[in-house]
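Asks: Have a look; sequence and predicted model below, questions after that.
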Amino acid sequence: MTDSQFNLFDSLQSETKLIAGVDEVGRGPLAGPVVAAAVILDPDNPIVGLKDSKKLTHAKRLLLRDEIKEKAIAWSTAWCTVEEIDEINILQASLVAMTRAVERLMPAAEFAQIDGNKLPKLSIPAEAIVKGDSKVAAISAASILAKVERDLEMERLDEIYPGYGLAVHKGYPTAQHLSALKSQGVTEIHRRSYKPVRELLDTR
């Protein structure tokens with residue numbers, strides 16, 4: 001989707017000025033937190049090149065991350081920990097992380113556009129948009145902030161828990177990760193409620 005299409009889509013939304021785009025990253029991994037972000041873009045200070053974070057290179061995401069933080073009216077990120085994921089399940093943890101991200105915005109948003117088909121509990125009106133990270137610029141910006149923050153956290157955890165390849169696969173269930181889990185065991189940053197981790201714990 002082109003930037004002009006982004007602008008057209010956004011202009012069709014509410015006339016409310018402080019609209020936050022919200023997205024999360026990290027539902028699928030076996031390890032690490034789920035991270036959400038919320039962004040209120042400045043229509044008078046556009047950012048070129050916004051798109052779904054998964055369609056960008058790491059280097060491009062880093063550049064856009066810096067530009068988003070510089071140009072946005074407001075932005076924030078928030079996590080749900082591994083412990084919270086195991087306690088309330090990943091869907092609910094993702095929604096809680098989104099709520100936290102929206103609540104941290106300063107100035108506060110007046111309306112939120114959420115990627116996906118579920119709405120978190122918010123004190124402001126909101127709409128869910130399936131594949132919103134490829135349709136709405138602010139959601140794309142949120143996906144980029146969340147993706148960069150989570151990737152950097154997994155690189156940090158890789159230094160603490162070497163041998164699992166966390167910096168490479170970011171906690172996703174790759175063959176390398178599953179093999180390391182079997183040979184090195186489950187760590188405190190692994191999601192015990194996820195089947196591959198739970199089954200390993202059950203056999204030991």
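Replies: Okay, I see it. Residues are numbered from 1 along each chain as shown.
Asks: List the first helix or strand encountered after the longest helix along the chain toward the C-terminus.
Replies: Scanning the chain for the helix with the most residues, using DSSP state H, yields helix 137-160. Using DSSP states H and E, the helix or strand that directly follows helix 137-160 along the chain is helix 166-169.
Asks: Can you point out the buried residues in that following helix?
Replies: Neighbour-count burial for helix 166-169 flags Leu166, Ala167, His169 (criterion: 16 or more other C-beta atoms under 10 Å). C-beta coordinates here come from the backbone N, C-alpha and C atoms, glycine included.
Asks: With stretch 148-167 instead?
Replies: So stretch 148-167, judged by 16+ other C-beta under 10 Å, has buried residues 148-151, 153-154, 157-158, 161, 164-167.
Asks: about what we covered before: can you list the buried residues of helix 166-169 in a markdown table and add distance to Val39 and pLDDT?
Replies: What follows is the buried residues of helix 166-169, written out as a markdown table (distance: C-beta to C-beta, whole Å; pLDDT from 0 to 100):
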| residue | distance to Val39 | pLDDT |
| --- | --- | --- |
| Leu166 | 26 | 98 |
| Ala167 | 26 | 98 |
| His169 | 27 | 97 |
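Asks: mind listing the strands in the chain by residue range?
Replies: 19-25, 34-40, 74-80, 111-115, 126-129 (DSSP state E).
Asks: count of residues packed around Glu70?
Replies: When neighbours are counted by other C-beta atoms under 10 Å, Glu70 registers 10.
Asks: got a pLDDT number for it?
Replies: At Glu70, the model reports a pLDDT of 98.
Asks: Quick check: it vs Gly116, distance?
Replies: 27 Å (C-beta to C-beta, to the nearest Å).
Asks: Check Arg65 too.
Replies: 21 Å.
Asks: What is the nearest of the buried residues of stretch 148-167 to Val35?
Replies: Minimum distance to Val35 across the buried residues of stretch 148-167 is 4.1 Å, recorded for Arg150 (C-beta to C-beta).
Asks: The closest one touches Lys170, doesn't it?
Replies: Yes - Arg150 is within contact range of Lys170, at 7.0 Å (criterion: C-beta atoms under 8 Å).
Asks: Now do the shared contacts for the two.
Replies: Gly32 (C-beta atoms under 8 Å, 6 or more residues apart in numbering).
Asks: Now for Leu64, how many residues are close by?
Replies: 22.
Asks: picking up where we left off before, minimum distance to Arg100: which of the strands of the chain has it?
Replies: Comparing those by C-beta to C-beta, strand 74-80 comes nearest, at 3.4 Å.
Asks: Show me what the closest one is packed against.
Replies: strand 34-40, helix 90-103, helix 137-160 (3 or more C-beta pairs under 8 Å, 6 or more residues apart in numbering; DSSP states H and E).
Asks: Tell me how many other residues crowd the closest residue to Trp79 other than its chain neighbours.
Replies: Nearest non-adjacent residue to Trp79, counting by C-beta to C-beta, 6 or more residues apart in numbering: Pro33, 4.2 Å away. Pro33 is flanked by 26 other residues according to other C-beta under 10 Å.
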